[in-house]
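Colleague: pasting the sequence and the predicted model now:
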Amino acid sequence: MQFSRKIGRIGLAVSLLGALSLASLRGGNATSLASVGGLSGLAGISGKLLAVFALPGDAPARELAGAPTAAVSLLVMKPFSAKVDGRIGNYRLGNWPYEGRTPRSPSYATPKGFIEVTPENFGTRVSEHFTVGQFLTKDQGDVWPKYLVLDRRLLDKLELTITELNRMGYSVQNLSVMSGFRTPRYNERGVGAGGRSAVSRHQYGDASDVYPDDDHDGRIDDLNRDGRVDLKDAHVLAAAAEAVEKKNPELVGGIGIYPATSAHGPFVHIDARGTRARWNG
């Protein structure tokens, strides 16, 4: 069977299921995927990405011919136009900050589409250390399917940050995602003095609040082994993300350090907005 016909069948299957393709895209060396994220190679800069996100027709066979030998899943997104009156079906999304008007920069343009997440594909890996369900907005727990915006550059940056932490001598196996994508509706609840930004990058799928938690106690690990869990550990994580940016300028973005509260331990905001931003450092 011709490779193009295989890709066509994969696209059709994903469109019908609204989920991840179970087929593997295999071949030779990675090729450019400008129309599905602008990253060089299906596996990303880190070599650890396991999914491609694309609108119907955005991933023609000529761009997928040359997939790496590792399995990569194709997620066919619902177009932004599927959102009507702030929702898709029963799932409420709200309206993006610059929806219906010219954004202040291209990075604030409304998303092109949404990944549909179901109970069946909730645990599917989008990279070596992350699953699609980890990035969902934390509300509407009983509403399915849910919809998600997720940028491959963020996944690359997080994967490289894990690698960098280990290179620095800190044994880290995973990063817990405290907050990933936020629908504008959810984000709006926390907007105000000392709260969330009305134009938060979380709404654009390229931001996450994370912390290493290999002992699974719900708070950041004692990275520097000083016997305390505090902001010094968050600074170690932020330094690793900073090093990733220096080595990979295409992943430049925001890094913000947050202290513990009664509800959570220290964490670090990491995003790939395309411009440098730092706060609470």
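Modeller: The structure has been received and is ready for your questions.

Colleague: touching stretch 214-225 from outside, list them.
Modeller: 165, 170-174, 211-213, 228-229, 232-234, 236-237, 260, 264-267 (C-beta atoms under 8 Å, 6 or more residues apart in numbering). Where C-beta positions appear, they are placed from N, C-alpha and C, glycine not excepted.

Colleague: give the ChimeraX command for selecting the buried subset of the residues you listed.
Modeller: Those of these that count as buried under 16 or more other C-beta atoms under 10 Å are selected in ChimeraX with:
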select :165,170,172,174,211,212,213,229,233,234,236,237,264,265,266,267
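
Colleague: which parts of the chain are strands?
Modeller: Here the chain has its strands, by DSSP state E, at 32-33, 39-40, 51-54, 73-76, 78-79, 87-88, 91-92, 113-117, 146-148, 175-179, 207-212, 254-258, 267-271, 277-279.

Colleague: which of the ones you listed has the lowest mean pLDDT?
Modeller: Lowest mean pLDDT within the strands of the chain: strand 32-33, a mean of 34.

Colleague: pretty sure Gln134 is touching Val177, no?
Modeller: Yes. Gln134 is in contact with Val177 according to C-beta atoms under 8 Å; the separation is 4.4 Å.

Colleague: what about the strands of the chain, which gets the closest to Ser127?
Modeller: Distance to Ser127, taken as C-beta to C-beta, is lowest for strand 51-54 among the strands of the chain, at 7.5 Å.

Colleague: which helices and strands sit right next to that closest one?
Modeller: Judged by 3 or more C-beta pairs under 8 Å, 6 or more residues apart in numbering; DSSP states H and E, strand 51-54 is in contact with strand 73-76, helix 152-167.

Colleague: what strands line up against that strand, and which way round?
Modeller: Its sheet considered, strand 51-54 pairs with strand 73-76 (parallel) by DSSP bridges.

Colleague: run through this structure and note the low-pLDDT ranges.
Modeller: The chain contains residues with pLDDT under 70 at 1-40, 59-71, 192-194.

Colleague: all helices for it, in order.
Modeller: Assigned by DSSP state H, the chain shows helices spanning 3-17, 61-64, 152-167, 184-188, 231-247.

Colleague: TSV for the helices and strands packed on strand 51-54, including distance to Val117?
Modeller: Compiled in TSV, those are given as follows (distance: least, C-beta to C-beta, whole Å):
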stretch	distance to Val117
strand 73-76	10
helix 152-167	15
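
Colleague: thanks a lot, see you next time.
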